[in-house]
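S.K.: next comes the sequence, and after it the predicted model I'd like to discuss.
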Amino acid sequence: MAPLDDAARAAIRAAVDANFATQTAFLADFVRIPSLRFEEGPAQDFMAAALRERGYSVDDWKIDLSDLESLRGYGPIEGDFSRARTVVGSHRPEEVHGRSLILQGHLDVVPAGPVEMWETPPFDPVVKDGWMHGRGACDMKSGTVSALFALDALRAAGFEPAATVHFQSVIEEESTGLGALSTLQRGYRADLAFIPEPTGFRFLRAQVGVIWFKLKVRGKPVHVSVAGEGANAITAAFDMINAVKGLEIIWNERAKEHPNFKDVVHPLNFNPGKIAGGDWASSVPAWCDVDCRIGVLPGWDLADARREIEECVTAAARTHPFLANSPPEVVWNGFMSEGWVLEGAEEPEAEFRATWGEVFGDEPLIENANTGLTDTRFYPYYGVPAVCWGPKGLNIHGFDEKVDLASVRKATEMMALFIARWCGLNKLEG
Ligand SMILES: [Zn+2]
(Lines give C-alpha, C1' and ligand atoms only; values in the text may rest on other atoms or scores of the structure.)
Protein backbone atom coordinates (compact mmCIF):
# COMPACT_ATOMS: atom_id res chain seq x y z
CA MET A 1 0.00 0.00 0.00
CA ALA A 2 1.26 3.47 -0.91
CA PRO A 3 0.74 6.41 1.45
CA LEU A 4 -1.51 9.28 0.37
CA ASP A 5 1.08 11.90 1.24
CA ASP A 6 1.74 15.37 -0.17
CA ALA A 7 3.87 13.96 -2.99
CA ALA A 8 1.10 11.55 -4.01
CA ARG A 9 -1.52 14.32 -3.87
CA ALA A 10 0.63 16.61 -5.97
CA ALA A 11 1.18 13.87 -8.56
CA ILE A 12 -2.57 13.14 -8.74
CA ARG A 13 -3.46 16.82 -9.13
CA ALA A 14 -0.82 17.27 -11.83
CA ALA A 15 -2.24 14.25 -13.68
CA VAL A 16 -5.76 15.73 -13.60
CA ASP A 17 -4.44 18.97 -15.09
CA ALA A 18 -2.24 17.26 -17.67
CA ASN A 19 -5.15 15.16 -18.91
CA PHE A 20 -7.85 17.82 -18.83
CA ALA A 21 -7.76 18.73 -22.53
CA THR A 22 -8.22 15.04 -23.36
CA GLN A 23 -11.02 14.85 -20.80
CA THR A 24 -12.79 17.84 -22.36
CA ALA A 25 -12.55 16.29 -25.84
CA PHE A 26 -13.88 12.99 -24.46
CA LEU A 27 -16.80 14.82 -22.82
CA ALA A 28 -17.64 16.53 -26.12
CA ASP A 29 -17.63 13.16 -27.93
CA PHE A 30 -19.95 11.75 -25.27
CA VAL A 31 -22.35 14.74 -25.45
CA ARG A 32 -22.44 14.38 -29.24
CA ILE A 33 -24.27 11.05 -28.82
CA PRO A 34 -27.98 11.86 -28.38
CA SER A 35 -28.71 9.37 -25.60
CA LEU A 36 -32.42 10.01 -25.37
CA ARG A 37 -34.72 7.56 -23.63
CA PHE A 38 -34.87 4.14 -25.32
CA GLU A 39 -31.98 5.22 -27.58
CA GLU A 40 -29.10 4.92 -25.15
CA GLY A 41 -27.36 2.04 -26.95
CA PRO A 42 -24.67 4.00 -28.82
CA ALA A 43 -23.76 5.95 -25.67
CA GLN A 44 -23.49 2.69 -23.71
CA ASP A 45 -21.27 1.32 -26.50
CA PHE A 46 -19.08 4.42 -26.18
CA MET A 47 -18.76 3.99 -22.43
CA ALA A 48 -18.17 0.23 -22.59
CA ALA A 49 -15.37 0.81 -25.13
CA ALA A 50 -13.78 3.46 -22.91
CA LEU A 51 -13.84 1.09 -19.93
CA ARG A 52 -12.42 -1.84 -21.94
CA GLU A 53 -9.67 0.34 -23.35
CA ARG A 54 -8.64 1.15 -19.80
CA GLY A 55 -8.46 -2.52 -18.84
CA TYR A 56 -11.53 -2.74 -16.61
CA SER A 57 -13.49 -5.97 -16.73
CA VAL A 58 -16.75 -4.98 -18.37
CA ASP A 59 -20.18 -6.38 -17.59
CA ASP A 60 -22.65 -5.26 -20.27
CA TRP A 61 -26.13 -6.74 -19.98
CA LYS A 62 -29.67 -6.35 -21.16
CA ILE A 63 -32.09 -5.37 -18.42
CA ASP A 64 -34.92 -7.84 -17.94
CA LEU A 65 -37.91 -6.05 -16.43
CA SER A 66 -39.21 -9.26 -14.86
CA ASP A 67 -36.08 -9.23 -12.63
CA LEU A 68 -36.96 -5.80 -11.29
CA GLU A 69 -40.74 -5.60 -11.00
CA SER A 70 -40.92 -6.89 -7.44
CA LEU A 71 -38.09 -4.71 -6.10
CA ARG A 72 -38.47 -1.65 -3.90
CA GLY A 73 -38.29 1.54 -5.94
CA TYR A 74 -39.47 -0.06 -9.19
CA GLY A 75 -41.29 2.34 -11.50
CA PRO A 76 -43.48 1.06 -14.35
CA ILE A 77 -42.17 1.36 -17.91
CA GLU A 78 -44.25 2.66 -20.78
CA GLY A 79 -42.44 2.18 -24.10
CA ASP A 80 -40.00 -0.19 -25.76
CA PHE A 81 -37.55 -1.33 -23.10
CA SER A 82 -36.24 -4.31 -25.07
CA ARG A 83 -32.82 -2.77 -25.83
CA ALA A 84 -32.16 -1.38 -22.35
CA ARG A 85 -28.64 -2.13 -21.07
CA THR A 86 -26.41 -1.44 -18.13
CA VAL A 87 -22.62 -1.23 -18.37
CA VAL A 88 -20.31 -1.74 -15.40
CA GLY A 89 -16.51 -1.67 -15.53
CA SER A 90 -14.78 -3.16 -12.50
CA HIS A 91 -11.33 -2.69 -11.06
CA ARG A 92 -10.32 -5.52 -8.71
CA PRO A 93 -6.81 -5.06 -7.33
CA GLU A 94 -4.71 -8.03 -6.25
CA GLU A 95 -3.90 -6.33 -2.97
CA VAL A 96 -6.89 -4.92 -1.12
CA HIS A 97 -6.28 -2.43 1.68
CA GLY A 98 -9.13 0.06 1.46
CA ARG A 99 -12.89 0.39 1.16
CA SER A 100 -14.77 -0.52 -1.99
CA LEU A 101 -16.57 2.05 -4.08
CA ILE A 102 -19.30 2.36 -6.68
CA LEU A 103 -18.97 5.33 -9.04
CA GLN A 104 -22.23 5.82 -10.89
CA GLY A 105 -23.40 8.10 -13.65
CA HIS A 106 -26.49 8.14 -15.83
CA LEU A 107 -26.12 8.80 -19.53
CA ASP A 108 -29.79 9.22 -20.43
CA VAL A 109 -30.70 12.80 -21.29
CA VAL A 110 -34.05 14.56 -21.54
CA PRO A 111 -35.41 15.79 -24.90
CA ALA A 112 -33.95 19.03 -26.25
CA GLY A 113 -37.27 20.67 -27.19
CA PRO A 114 -37.44 23.05 -30.20
CA VAL A 115 -33.82 23.17 -31.39
CA GLU A 116 -34.26 26.63 -32.93
CA MET A 117 -34.50 27.95 -29.38
CA TRP A 118 -30.93 26.83 -28.64
CA GLU A 119 -28.01 29.19 -29.20
CA THR A 120 -26.06 26.22 -30.55
CA PRO A 121 -27.42 22.78 -31.54
CA PRO A 122 -28.00 20.59 -28.46
CA PHE A 123 -25.99 17.60 -29.69
CA ASP A 124 -23.14 19.54 -31.26
CA PRO A 125 -21.24 20.64 -28.15
CA VAL A 126 -19.24 23.84 -28.24
CA VAL A 127 -17.03 25.51 -25.64
CA LYS A 128 -17.64 29.22 -25.09
CA ASP A 129 -16.01 31.29 -22.35
CA GLY A 130 -15.05 28.18 -20.41
CA TRP A 131 -18.49 26.57 -20.59
CA MET A 132 -19.43 23.51 -22.62
CA HIS A 133 -22.89 23.79 -24.13
CA GLY A 134 -25.02 20.79 -25.00
CA ARG A 135 -27.83 18.57 -23.82
CA GLY A 136 -26.36 16.32 -21.14
CA ALA A 137 -23.10 18.30 -20.99
CA CYS A 138 -24.05 19.15 -17.42
CA ASP A 139 -26.68 16.55 -16.42
CA MET A 140 -24.72 14.45 -16.04
CA LYS A 141 -22.16 13.46 -18.60
CA SER A 142 -19.68 15.95 -17.08
CA GLY A 143 -19.82 14.17 -13.72
CA THR A 144 -19.57 10.68 -15.17
CA VAL A 145 -16.55 11.70 -17.24
CA SER A 146 -15.00 13.32 -14.15
CA ALA A 147 -15.23 10.02 -12.31
CA LEU A 148 -13.65 8.15 -15.21
CA PHE A 149 -10.81 10.65 -15.55
CA ALA A 150 -10.33 10.76 -11.78
CA LEU A 151 -9.44 7.06 -12.02
CA ASP A 152 -7.21 7.82 -15.02
CA ALA A 153 -5.38 10.46 -12.97
CA LEU A 154 -4.58 7.96 -10.24
CA ARG A 155 -3.10 5.64 -12.85
CA ALA A 156 -1.14 8.42 -14.56
CA ALA A 157 0.29 9.34 -11.17
CA GLY A 158 1.47 5.75 -10.76
CA PHE A 159 -1.27 4.35 -8.53
CA GLU A 160 -4.36 2.17 -8.52
CA PRO A 161 -7.23 2.15 -6.00
CA ALA A 162 -6.41 -0.41 -3.30
CA ALA A 163 -9.99 -1.69 -3.24
CA THR A 164 -12.65 -2.80 -5.70
CA VAL A 165 -14.18 0.00 -7.76
CA HIS A 166 -17.29 -0.53 -9.88
CA PHE A 167 -17.80 2.15 -12.50
CA GLN A 168 -21.50 2.02 -13.42
CA SER A 169 -22.99 3.60 -16.53
CA VAL A 170 -26.77 3.56 -16.18
CA ILE A 171 -29.90 4.65 -18.03
CA GLU A 172 -33.42 5.67 -16.94
CA GLU A 173 -32.35 8.12 -14.23
CA GLU A 174 -34.66 10.72 -15.71
CA SER A 175 -37.74 8.49 -15.79
CA THR A 176 -37.75 5.48 -13.44
CA GLY A 177 -34.28 4.84 -12.02
CA LEU A 178 -34.37 1.27 -13.31
CA GLY A 179 -30.76 1.46 -14.53
CA ALA A 180 -29.48 2.00 -11.00
CA LEU A 181 -31.89 -0.62 -9.67
CA SER A 182 -30.59 -3.12 -12.24
CA THR A 183 -27.04 -2.87 -10.85
CA LEU A 184 -28.29 -3.73 -7.39
CA GLN A 185 -30.41 -6.59 -8.72
CA ARG A 186 -27.30 -7.85 -10.55
CA GLY A 187 -25.55 -8.05 -7.19
CA TYR A 188 -23.19 -5.07 -7.18
CA ARG A 189 -22.41 -3.83 -3.69
CA ALA A 190 -19.71 -1.65 -2.16
CA ASP A 191 -18.91 0.24 1.03
CA LEU A 192 -20.11 3.42 -0.68
CA ALA A 193 -21.78 4.67 -3.84
CA PHE A 194 -20.74 8.08 -5.17
CA ILE A 195 -22.89 9.79 -7.81
CA PRO A 196 -21.34 12.93 -9.33
CA GLU A 197 -24.57 14.64 -10.40
CA PRO A 198 -24.15 18.37 -11.12
CA THR A 199 -25.01 19.61 -7.64
CA GLY A 200 -23.06 22.85 -8.12
CA PHE A 201 -20.52 21.66 -5.51
CA ARG A 202 -23.28 21.27 -2.93
CA PHE A 203 -23.42 18.13 -0.83
CA LEU A 204 -26.74 16.34 -1.17
CA ARG A 205 -28.41 15.91 2.21
CA ALA A 206 -31.94 15.03 1.14
CA GLN A 207 -34.14 14.81 -1.91
CA VAL A 208 -37.83 14.54 -2.70
CA GLY A 209 -39.43 11.44 -4.14
CA VAL A 210 -41.27 11.59 -7.44
CA ILE A 211 -44.39 10.00 -8.88
CA TRP A 212 -45.23 9.97 -12.58
CA PHE A 213 -48.76 9.44 -13.78
CA LYS A 214 -50.79 9.83 -16.90
CA LEU A 215 -54.26 11.37 -16.77
CA LYS A 216 -56.31 9.68 -19.47
CA VAL A 217 -59.28 11.93 -20.06
CA ARG A 218 -62.02 10.79 -22.41
CA GLY A 219 -64.74 12.95 -23.99
CA LYS A 220 -67.68 12.59 -26.34
CA PRO A 221 -66.83 13.38 -29.97
CA VAL A 222 -69.41 15.21 -32.07
CA HIS A 223 -69.26 17.61 -34.99
CA VAL A 224 -68.17 20.97 -33.68
CA SER A 225 -71.37 22.51 -35.15
CA VAL A 226 -73.23 20.82 -32.29
CA ALA A 227 -70.42 21.07 -29.75
CA GLY A 228 -72.90 21.47 -26.90
CA GLU A 229 -74.00 17.87 -27.38
CA GLY A 230 -70.47 16.54 -26.98
CA ALA A 231 -67.84 16.70 -24.25
CA ASN A 232 -64.42 18.21 -24.94
CA ALA A 233 -61.67 15.99 -23.48
CA ILE A 234 -59.01 18.69 -23.87
CA THR A 235 -60.81 21.35 -21.86
CA ALA A 236 -61.83 18.67 -19.34
CA ALA A 237 -58.16 17.76 -18.95
CA PHE A 238 -57.45 21.35 -17.93
CA ASP A 239 -60.05 21.01 -15.18
CA MET A 240 -58.27 17.88 -13.93
CA ILE A 241 -54.87 19.63 -14.06
CA ASN A 242 -56.26 22.48 -11.98
CA ALA A 243 -57.57 19.98 -9.43
CA VAL A 244 -54.12 18.44 -8.99
CA LYS A 245 -52.70 21.95 -8.64
CA GLY A 246 -54.95 22.21 -5.58
CA LEU A 247 -53.39 19.05 -4.17
CA GLU A 248 -49.95 20.52 -4.80
CA ILE A 249 -50.85 23.47 -2.55
CA ILE A 250 -51.98 21.13 0.23
CA TRP A 251 -48.84 19.04 -0.01
CA ASN A 252 -46.55 22.08 0.13
CA GLU A 253 -48.33 23.19 3.30
CA ARG A 254 -47.37 19.83 4.83
CA ALA A 255 -43.75 20.33 3.74
CA LYS A 256 -43.50 23.28 6.14
CA GLU A 257 -43.25 20.72 8.97
CA HIS A 258 -40.59 18.54 7.35
CA PRO A 259 -37.13 18.65 9.00
CA ASN A 260 -35.24 18.68 5.69
CA PHE A 261 -37.63 20.76 3.58
CA LYS A 262 -39.25 23.26 5.94
CA ASP A 263 -36.93 26.04 4.76
CA VAL A 264 -37.18 25.19 1.07
CA VAL A 265 -39.59 27.35 -0.93
CA HIS A 266 -42.22 25.21 -2.65
CA PRO A 267 -40.34 21.90 -2.59
CA LEU A 268 -43.11 19.75 -4.07
CA ASN A 269 -43.72 20.63 -7.66
CA PHE A 270 -46.50 19.33 -9.84
CA ASN A 271 -45.82 19.45 -13.55
CA PRO A 272 -48.17 18.51 -16.36
CA GLY A 273 -45.21 17.89 -18.65
CA LYS A 274 -46.59 16.43 -21.84
CA ILE A 275 -50.01 16.57 -23.43
CA ALA A 276 -51.64 14.90 -26.42
CA GLY A 277 -55.23 14.84 -27.48
CA GLY A 278 -57.86 15.19 -30.15
CA ASP A 279 -57.80 14.19 -33.80
CA TRP A 280 -59.38 16.99 -35.79
CA ALA A 281 -59.92 20.74 -35.50
CA SER A 282 -63.61 20.42 -36.34
CA SER A 283 -64.37 17.47 -34.07
CA VAL A 284 -64.93 17.85 -30.35
CA PRO A 285 -61.92 15.92 -29.01
CA ALA A 286 -62.63 12.46 -27.72
CA TRP A 287 -59.41 12.05 -25.80
CA CYS A 288 -56.63 13.88 -24.01
CA ASP A 289 -53.65 12.27 -22.24
CA VAL A 290 -51.53 14.33 -19.88
CA ASP A 291 -48.20 13.04 -18.54
CA CYS A 292 -47.62 14.42 -15.06
CA ARG A 293 -44.94 14.52 -12.40
CA ILE A 294 -45.39 15.40 -8.73
CA GLY A 295 -42.94 15.45 -5.83
CA VAL A 296 -43.41 13.75 -2.46
CA LEU A 297 -41.49 14.17 0.78
CA PRO A 298 -39.03 11.76 2.37
CA GLY A 299 -40.95 9.57 4.80
CA TRP A 300 -44.19 9.60 2.83
CA ASP A 301 -45.80 6.33 1.95
CA LEU A 302 -46.23 6.08 -1.82
CA ALA A 303 -49.45 4.08 -1.56
CA ASP A 304 -50.98 6.92 0.47
CA ALA A 305 -49.74 9.50 -2.03
CA ARG A 306 -51.20 7.54 -4.94
CA ARG A 307 -54.53 7.30 -3.15
CA GLU A 308 -54.58 11.07 -2.58
CA ILE A 309 -53.91 11.72 -6.26
CA GLU A 310 -56.69 9.33 -7.30
CA GLU A 311 -59.14 10.81 -4.81
CA CYS A 312 -58.31 14.32 -5.99
CA VAL A 313 -59.02 13.43 -9.63
CA THR A 314 -62.16 11.46 -8.75
CA ALA A 315 -63.55 14.33 -6.68
CA ALA A 316 -62.90 16.84 -9.48
CA ALA A 317 -64.51 14.56 -12.06
CA ARG A 318 -67.64 14.27 -9.93
CA THR A 319 -68.42 17.98 -10.44
CA HIS A 320 -67.93 17.76 -14.22
CA PRO A 321 -71.01 17.21 -16.45
CA PHE A 322 -69.42 14.50 -18.59
CA LEU A 323 -66.57 13.14 -16.46
CA ALA A 324 -68.96 12.48 -13.56
CA ASN A 325 -70.08 9.38 -15.43
CA SER A 326 -66.82 8.76 -17.26
CA PRO A 327 -64.03 9.62 -14.82
CA PRO A 328 -60.44 9.91 -16.07
CA GLU A 329 -58.10 7.01 -15.59
CA VAL A 330 -54.90 7.59 -13.62
CA VAL A 331 -52.08 5.41 -14.98
CA TRP A 332 -48.75 5.08 -13.12
CA ASN A 333 -46.20 5.21 -15.91
CA GLY A 334 -42.74 6.01 -14.57
CA PHE A 335 -41.11 7.19 -11.35
CA MET A 336 -42.50 5.62 -8.22
CA SER A 337 -39.80 6.94 -5.95
CA GLU A 338 -39.63 7.56 -2.27
CA GLY A 339 -37.80 10.57 -0.92
CA TRP A 340 -34.33 10.11 0.50
CA VAL A 341 -32.28 11.51 3.36
CA LEU A 342 -28.57 10.79 3.78
CA GLU A 343 -28.30 8.25 6.60
CA GLY A 344 -25.70 5.81 7.86
CA ALA A 345 -23.01 7.70 5.98
CA GLU A 346 -21.07 9.36 8.80
CA GLU A 347 -17.76 7.79 7.75
CA PRO A 348 -17.98 8.65 4.03
CA GLU A 349 -19.22 12.13 4.86
CA ALA A 350 -16.25 12.71 7.18
CA GLU A 351 -13.86 11.50 4.46
CA PHE A 352 -15.61 13.65 1.89
CA ARG A 353 -15.31 16.72 4.12
CA ALA A 354 -11.62 16.01 4.72
CA THR A 355 -11.07 15.83 0.94
CA TRP A 356 -13.09 19.02 0.48
CA GLY A 357 -10.68 20.77 2.87
CA GLU A 358 -7.72 19.57 0.76
CA VAL A 359 -9.22 20.98 -2.42
CA PHE A 360 -11.29 23.98 -1.31
CA GLY A 361 -9.51 25.02 1.89
CA ASP A 362 -11.72 27.06 4.23
CA GLU A 363 -14.57 27.46 1.75
CA PRO A 364 -17.66 26.06 3.49
CA LEU A 365 -19.31 22.97 2.03
CA ILE A 366 -22.93 23.93 1.37
CA GLU A 367 -25.60 21.28 1.77
CA ASN A 368 -28.59 20.80 -0.43
CA ALA A 369 -32.13 19.50 0.00
CA ASN A 370 -33.00 18.75 -3.59
CA THR A 371 -36.47 19.36 -5.05
CA GLY A 372 -35.58 16.92 -7.82
CA LEU A 373 -34.22 13.43 -7.43
CA THR A 374 -31.15 11.34 -8.15
CA ASP A 375 -30.41 7.62 -8.09
CA THR A 376 -28.99 7.83 -4.54
CA ARG A 377 -32.24 6.51 -3.08
CA PHE A 378 -31.79 2.92 -4.26
CA TYR A 379 -28.42 2.08 -2.70
CA PRO A 380 -29.43 2.24 0.98
CA TYR A 381 -32.17 -0.34 0.25
CA TYR A 382 -29.24 -2.76 -0.18
CA GLY A 383 -27.08 -1.54 2.70
CA VAL A 384 -24.90 0.73 0.56
CA PRO A 385 -24.71 4.37 1.69
CA ALA A 386 -24.75 6.83 -1.20
CA VAL A 387 -23.41 10.36 -1.55
CA CYS A 388 -24.01 12.80 -4.35
CA TRP A 389 -21.88 15.78 -5.31
CA GLY A 390 -20.57 17.24 -8.56
CA PRO A 391 -19.84 20.15 -10.90
CA LYS A 392 -21.58 23.44 -11.64
CA GLY A 393 -23.82 24.11 -14.58
CA LEU A 394 -26.85 25.97 -15.84
CA ASN A 395 -30.12 25.26 -17.66
CA ILE A 396 -30.39 21.53 -17.05
CA HIS A 397 -33.54 20.24 -18.78
CA GLY A 398 -33.75 23.67 -20.50
CA PHE A 399 -32.38 25.40 -23.59
CA ASP A 400 -28.62 25.99 -23.71
CA GLU A 401 -27.69 23.53 -21.00
CA LYS A 402 -24.06 24.13 -20.14
CA VAL A 403 -21.38 23.14 -17.67
CA ASP A 404 -18.57 25.22 -16.23
CA LEU A 405 -15.39 23.41 -17.31
CA ALA A 406 -13.34 24.91 -14.48
CA SER A 407 -15.77 23.27 -12.07
CA VAL A 408 -15.43 19.98 -13.97
CA ARG A 409 -11.67 20.11 -13.53
CA LYS A 410 -12.08 20.84 -9.83
CA ALA A 411 -14.64 18.05 -9.48
CA THR A 412 -12.23 15.64 -11.15
CA GLU A 413 -9.49 16.59 -8.72
CA MET A 414 -11.91 16.27 -5.80
CA MET A 415 -13.02 12.83 -6.95
CA ALA A 416 -9.48 11.59 -7.59
CA LEU A 417 -8.37 12.63 -4.11
CA PHE A 418 -11.54 11.23 -2.56
CA ILE A 419 -11.08 7.86 -4.30
CA ALA A 420 -7.46 7.80 -3.11
CA ARG A 421 -8.57 8.47 0.44
CA TRP A 422 -11.52 6.07 0.44
CA CYS A 423 -10.01 3.14 -1.43
CA GLY A 424 -6.36 3.66 -0.51
CA LEU A 425 -3.58 3.45 -3.08
CA ASN A 426 -1.35 0.72 -4.43
CA LYS A 427 1.82 1.74 -6.21
CA LEU A 428 1.83 0.49 -9.77
CA GLU A 429 4.94 -1.35 -10.96
CA GLY A 430 7.16 0.37 -13.48
ZN1 LIG B 1 -28.94 13.86 -13.59
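M.R.: Looks like it came in fine.
S.K.: where do the helices sit along the stretch 151-300 of the chain?
M.R.: Using DSSP state H, counting those that start in this stretch, the helices of the stretch 151-300 of the chain run over residues 178-186, 233-255.
S.K.: tell me the average confidence for the shortest one?
M.R.: Okay, so that is helix 178-186. Mean pLDDT, taken over the full extent of helix 178-186, equals 98.
S.K.: in JSON lines, list the helices of the stretch 151-300 of the chain along with mean neighbour count.
M.R.: For every residue, glycine as well, the C-beta is placed using N, CA and C. Compiled in JSON lines, the helices of the stretch 151-300 of the chain are given as follows (neighbours: other C-beta atoms under 10 Å):
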{"stretch": "helix 178-186", "mean neighbour count": "24"}
{"stretch": "helix 233-255", "mean neighbour count": "17"}
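S.K.: would you turn the ones you listed into TSV with distance to residue 279?
M.R.: What follows is those, written out as TSV (distance: least, C-beta to C-beta, whole Å):
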stretch	distance to residue 279
helix 178-186	33
helix 233-255	10
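S.K.: okay, the ones you listed in JSON lines with distance to the ion next?
M.R.: Shown next, in JSON lines, are the helices of the stretch 151-300 of the chain (distance: least, C-beta to the ion, whole Å):
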{"stretch": "helix 178-186", "distance to the ion": "11"}
{"stretch": "helix 233-255", "distance to the ion": "22"}
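S.K.: tell me which of these sits nearest to residue 392.
M.R.: Each of the helices of the stretch 151-300 of the chain was scored for nearness to residue 392 using C-beta to C-beta, and the closest is helix 178-186 (23.2 Å).
S.K.: mind listing residues that contact that closest one?
M.R.: For helix 178-186, contacts defined as C-beta atoms under 8 Å, 6 or more residues apart in numbering pick out 59, 61, 63, 65, 67-68, 71, 73-75, 77, 84, 86, 88, 102, 104, 106, 108, 166, 168, 170-173, 375, 378-379, 381-382, 384.
S.K.: out of those residues, which end up buried?
M.R.: 59, 63, 68, 73-75, 77, 84, 86, 88, 102, 104, 106, 108, 166, 168, 170-173, 375, 378-379, 382, 384 (16 or more other C-beta atoms under 10 Å).
S.K.: mind checking which of these are in strands?
M.R.: With strands taken from DSSP state E, the overlap with those comprises 59, 86, 88, 102, 104, 106, 166, 168, 170.
S.K.: ok and the residue in the stretch 301-430 of the chain nearest the ion?
M.R.: As assessed by C-beta to the ion, the ion sits closest to residue 374 within the stretch 301-430 of the chain, at 6.4 Å.
S.K.: phi and psi next, for that residue.
M.R.: Dihedral pair for residue 374: phi -130, psi 180, per degrees, to the nearest 10.
S.K.: so residue 204 bridges to which residues?
M.R.: Residue 204 has the following beta-bridge partners by DSSP bridges: residue 368.
S.K.: distance of it relative to residue 368?
M.R.: Between residue 204 and residue 368 the distance is 5 Å, computed by C-beta to C-beta, to the nearest Å.
S.K.: closest to residue 403 out of the helices of the stretch 151-300 of the chain?
M.R.: Minimum separation from residue 403 across these (C-beta to C-beta) falls at helix 178-186, 21.2 Å.
S.K.: now the closest one, how far from the centre of its chain.
M.R.: Centroid displacement of helix 178-186 relative to its chain, using C-alpha atoms, centre = their mean, to the nearest Å, is 14 Å.
S.K.: angle of it against strand 165-170?
M.R.: Using axes from the mean of the first three to the mean of the last three C-alpha atoms, to 10 degrees, one finds that helix 178-186 and strand 165-170 are set 140 degrees apart in direction.
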